[in-house]
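S.K.: Sequence first, then the predicted structure:
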Amino acid sequence: MKFTDEQRLIVYMLSGVQRALKVQSEVDPEFIQRVAVAGDEWAILEKYPWLDQDGSSAPDFVVETRHILQAFRIIYRSLENLSDADRERAQSGSSRHVLTFDGFDGNNESDHYSAAALITQEAGRWPEFAALAVNSHHPTLHRYRAILEAVSDHQSANPGGLLSADQLIEVAGRARRAQLD
């Protein structure tokens, strides 16, 4: 979904009318106004996917942000389901930090940063990351892309499955190597 300038104005004004008249709706007029003014129309379909009648695709950075959040969801759920000994082994050394979602760099990764905030805090998807979709103040995309690739490789063999301690260690190793590049 991409608005023309005229559509953006109409949507903004209609949302204002809805708010002023206190019309009860499942669509939040303040949210619509915020994303329309910011040019983040894609966020409307994140929060209200039932509006997506034509299969509109989100910008690439939004799709990548979704995939990164999903990879971390798999990592966190995998860690939760390991035995204490395996969890400790998987998180030993620098792996604990490497396997942690730190947000995105607000200066250099601002598209991903904004997308993560809108997706988790406004649209309510991946709510477990809402408090974590913060400014990391350091680049994270290089590490996240390595993690995403490694998790995707493991998921292709076992779609939807959790990762073992050995697989998590391998994911962390790939992420560490990516940080050095």
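M.R.: Sure thing, it's come through.
S.K.: Quick one: name whatever helix or strand follows the worst-scoring helix or strand of the chain on mean pLDDT.
M.R.: In the chain, no helix or strand scores lower on mean pLDDT, DSSP states H and E than helix 95-98, which sits at a mean of 83. Note on helix 95-98: by DSSP states H and E, the next helix or strand toward the C-terminus is helix 110-117.
S.K.: which other residues reach the least confident helix or strand of the chain?
M.R.: Applying CB atoms under 8 Å, 6 or more residues apart in numbering, the set of residues contacting helix 95-98 from outside is 143, 147, 168-169, 172, 175-176, 179. Every C-beta, even on glycine, is put in place using the N, C-alpha and C of the backbone.
S.K.: Is it possible to mark the buried ones in those residues?
M.R.: 143, 147, 168-169, 172, 175-176 (16 or more other CB atoms under 10 Å).
S.K.: ok so, going back, mind picking the two most distant members of the contacts of helix 95-98?
M.R.: Longest distance between any two of these is 16.6 Å, between 168 and 179; criterion CB to CB.
S.K.: Tell me the buried residues in the helix ranked longest in the chain?
M.R.: Counting by DSSP state H, the longest helix found in the chain is helix 60-80. Buried residues in helix 60-80, counted by 16+ other CB under 10 Å: 61-62, 64-66, 68-72, 74-75, 78-79.
S.K.: which one among those gets closest to residue 17?
M.R.: When the buried residues of helix 60-80 are compared against residue 17 (criterion: CB to CB), the nearest one is residue 62, at 28.5 Å.
S.K.: my guess is the closest one meets residue 42, correct?
M.R.: Yes: using CB atoms under 8 Å, residue 62 is in contact with residue 42, at 5.5 Å.
S.K.: State the distance from the residue located most distally from the centre of the chain to residue 78.
M.R.: Relative to the C-alpha centroid of the chain, counting by CA atoms, centre = their mean, residue 21 is the outermost residue, at 33.9 Å. Per CB to CB, to the nearest Å, residue 21 is found 48 Å from residue 78.
S.K.: ok, now residue 23?
M.R.: The value you get for residue 23 to residue 78, if CB to CB is used, is 44 Å.
S.K.: got it, and residue 144?
M.R.: Residue 144 is 16 Å from residue 78, where distance means CB to CB.
S.K.: Can you list the low-confidence ranges for the chain?
M.R.: For the chain, applying pLDDT under 70 flags the ranges 55-56.
S.K.: now the helices for it?
M.R.: Assigned by DSSP H, the helices in the chain fall at 5-20, 29-38, 42-47, 60-80, 84-90, 95-98, 110-117, 141-157, 165-180.
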